[in-house]
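*Asks:* fold the stuff below for me.
(2 chains)
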2 protein chains.
Amino acid sequence: MIDQIERALEEIKFGPDGLVPAIAQQHDTGEVLMMAWMNREAVRASLAEGRACYWSRSRATLWRKGETSGQVQHLRELRLDCDGDAVLLLVDQRGVACHTGRRSCFFRAWRNGDWATIAKPQISPDMLYPEKG
Amino acid sequence: MIDQIERALEEIKFGPDGLVPAIAQQHDTGEVLMMAWMNREAVRASLAEGRACYWSRSRATLWRKGETSGQVQHLRELRLDCDGDAVLLLVDQRGVACHTGRRSCFFRAWRNGDWATIAKPQISPDMLYPEKG
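*Replies:* Take a look at the predicted model:
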């Protein structure tokens, strides 16, 4: 398994900062949930554990999606683009992807000359991150 | 219109390199077609012209998707994520998005310990870029 994962990593072209952009998409509905970053360790952890792990640039640490909020992304399939410098994670998102409590992070749409909020929170952020309350 | 577009730009957080990651998704099927980069000028051009324009990092130039290949991406809607540092383009992709002639750039899937090619070209790259032939 570890050897296999190292072979997966060989085809991924990480940037100068060691990161590759990662798109998370709900596997059945096709909804784009979020965009984040992965380093080699995040890809290793995601494949080994079957759940999406990212690299948090703001916290400079591995970030197992849902470890605090419970909103885990179960990894259904990892995909790689033609240039090898972007990955697409097909996931089964438990609950919501966005820290605002919305299903998708892409909840602002440019309509009629303004940014419109097109989705409501499904859960209060206070419920997702009670320790911050 | 120009004032409106400048207002759109105000909410987008471009990185230190002046770029923001951009995901292109087919508006009706939900298929993730590609991931590329936009600078301020690319966003301006996309909104003004109603077609996806990116910034080509390799060529260091504005890249009107389809200007060479004819595979234009008509822009249906621009969306912005919670942090303002990633955009999602809902597009109507004419033909194929990938320079290999495949519909989506994400045609490699990690399955059974190897990268599997899960889509075939719909058109020969020689047809897309005849001047390279």
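
*Asks:* chain A: strands as residue ranges?
*Replies:* In chain A, the segments counted as strands under DSSP state E are A:20-26, A:32-38, A:53-56, A:61-64, A:73-80, A:87-93, A:108-111, A:114-117.

*Asks:* compare these and give me the one nearest B:Ile5.
*Replies:* strand A:108-111 (9.1 Å; CB to CB). C-betas here are computed from N, CA, C, even on glycine.

*Asks:* so which bits of the closest one are buried?
*Replies:* A:108-110 (16 or more other CB atoms under 10 Å in any protein chain shown).

*Asks:* what of stretch A:35-46?
*Replies:* Using 16+ other CB under 10 Å as the test for burial, stretch A:35-46 gives A:35-40, A:42-46.

*Asks:* can you narrow the buried residues of strand A:108-111 to ones near chain B?
*Replies:* By CB under 8 Å from any CB of the partner chain, the members of the buried residues of strand A:108-111 lying near chain B are A:108-110.

*Asks:* surely A:Phe106 touches B:Leu90?
*Replies:* No - if you go by CB atoms under 8 Å, A:Phe106 and B:Leu90 don't touch, sitting 9.5 Å apart.

*Asks:* for the residue of chain A found nearest chain B, grab phi and psi.
*Replies:* Distances between chain A and chain B by CB to the nearest CB are smallest at A:Gly30, namely 2.5 Å. Here is the backbone geometry of A:Gly30 (degrees, to the nearest 10): phi 80, psi 0.

*Asks:* near chain B, which residues of chain A?
*Replies:* Counting by CB under 8 Å from any CB, chain A sits next to chain B at A:4, A:7-8, A:11, A:21, A:23, A:25, A:29-32, A:34-35, A:47, A:77-83, A:86, A:88, A:98-100, A:102, A:105-111, A:113-115, A:118.

*Asks:* show the buried residues in those.
*Replies:* A:8, A:21, A:23, A:25, A:31-32, A:34-35, A:47, A:78-82, A:86, A:88, A:98-100, A:102, A:105-110, A:115.

*Asks:* just to revisit the earlier point, any chance of the strands of chain A in TSV, plus distance to B:Leu128 and mean pLDDT?
*Replies:* Listed next are the strands of chain A as TSV, based on distance: least, CB to CB, whole Å; pLDDT from 0 to 100:
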stretch	distance to B:Leu128	mean pLDDT
strand A:20-26	24	98
strand A:32-38	26	98
strand A:53-56	34	98
strand A:61-64	38	97
strand A:73-80	21	98
strand A:87-93	22	98
strand A:108-111	30	98
strand A:114-117	35	97
